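Undergrad: how would this look folded up:
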Amino acid sequence: MTPAESALLAALPGLAFQAALLFARLGAAAMMLPGLGEADVPANIRLGLALGLVLLLLPVLAPTLPPLPEPGLAVARLVLQEVAVGLWLGGLARIVALALAMAGQLTATLIGLQGLLAGDAEMGGQGTALSRAFGLVAATLVLGSGLYAIGLRALMDSYALLPAGAPLPLGAAAEAVAAAGAASLDLALRLAAPFVIAAVVLNVALGLLARLAPGVQTFFVAVPGQILAGLALLALLAPPLLATYAEALRDAWQALPGAG
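TA: Purely as a prediction, here's the structure:
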């Protein structure tokens, strides 16, 4: 065996450990990132994406990764820390992206489609069909517009902000999650605002109708009209709503830790 081959064999355990550290963070994030980490995407594709990122980044990041420690709890601690960082980064991106599905849930309630349900893990196991459709539209928009590249770039650049093996700052991490949740809720309410206004106007009109003509069965008149008017308004506002969502998502992801 030549000296070069002996040196390569001696370095293999360290390289394998560094690859495992990379996979812990990248794999955990790949399971959470919008578009790429959707439950509808087969697990083998998400696994292949994480492995591809490891192969791509290992030569670049290997000098910054910690060496193989002594076997024991230290190895498990480092791997678990990297998994936590990956879940945190992917979760931040996922929380903001949920705004469109939340807006769909609220819109369905406002236009009378709250009884039309569909399986949706993101909304707690079951949500409205409109919310499920909005969630699929969000994933399609992320993949089709290239927004996923911002999340991947933030994930790769996160090693400069949080080097591998460094503990996750729990206080700052919790604040970032709370801020992402607030931003997601704010965006969802802004997207659903036209339907809130329309629902208020419709209910005021129905109240006046009930006052002026008590004999009219306003409920049977209102429900079909509410659904038709809501769907017409949704068709009219869909393009600007998606454009607003895409722009807000781009801004939010560019503010992810490591993206700057």
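
Undergrad: which helices and strands does the longest helix seen in the chain pack with?
TA: As assigned by DSSP state H, the longest helix anywhere in the chain is helix 170-212. Helix 170-212 sits against helix 73-97, helix 99-110, helix 218-254, with contacts defined as 3 or more Cβ pairs under 8 Å, 6 or more residues apart in numbering; DSSP states H and E. The way it works is simple: take the backbone N, C-alpha and C, and place the C-beta from them, glycine included.

Undergrad: adding distance to Ala192 and mean pLDDT, write the ones you listed out as a markdown table.
TA: A markdown table is the format used below for these (distance: least, Cβ to Cβ, whole Å; pLDDT from 0 to 100):
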| stretch | distance to Ala192 | mean pLDDT |
| --- | --- | --- |
| helix 73-97 | 16 | 87 |
| helix 99-110 | 4 | 89 |
| helix 218-254 | 9 | 86 |
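
Undergrad: show me the shaky parts of this structure.
TA: Scanning the chain for pLDDT under 70 picks out the ranges 1-12, 14, 72, 117-126, 215-221, 258-260.

Undergrad: and with 80 instead?
TA: For the chain, applying pLDDT under 80 flags the ranges 1-15, 36-43, 67-75, 113-128, 165-168, 203, 206-225, 257-260.

Undergrad: centroid-nearest residue for it?
TA: Arg94 (1.7 Å; Cα atoms, centre = their mean).

Undergrad: quick one: contacts for that one?
TA: Counting by Cβ atoms under 8 Å, 6 or more residues apart in numbering, Arg94 touches 32-34, 37.

Undergrad: closest one of the residues you listed to Phe17?
TA: Distances from Phe17 to the contacts of Arg94, taken as Cβ to Cβ, are shortest for Met32 (23.7 Å).

Undergrad: so that closest one is in which element?
TA: Counting by DSSP states H and E, no helix or strand carries Met32.

Undergrad: number of nearby residues for the residue nearest to Leu61 when sequence neighbours are not counted?
TA: Nearest non-adjacent residue to Leu61, counting by Cβ to Cβ, 6 or more residues apart in numbering: Tyr159, 5.8 Å away. Neighbourhood size, Tyr159 [other Cβ atoms under 10 Å]: 19.
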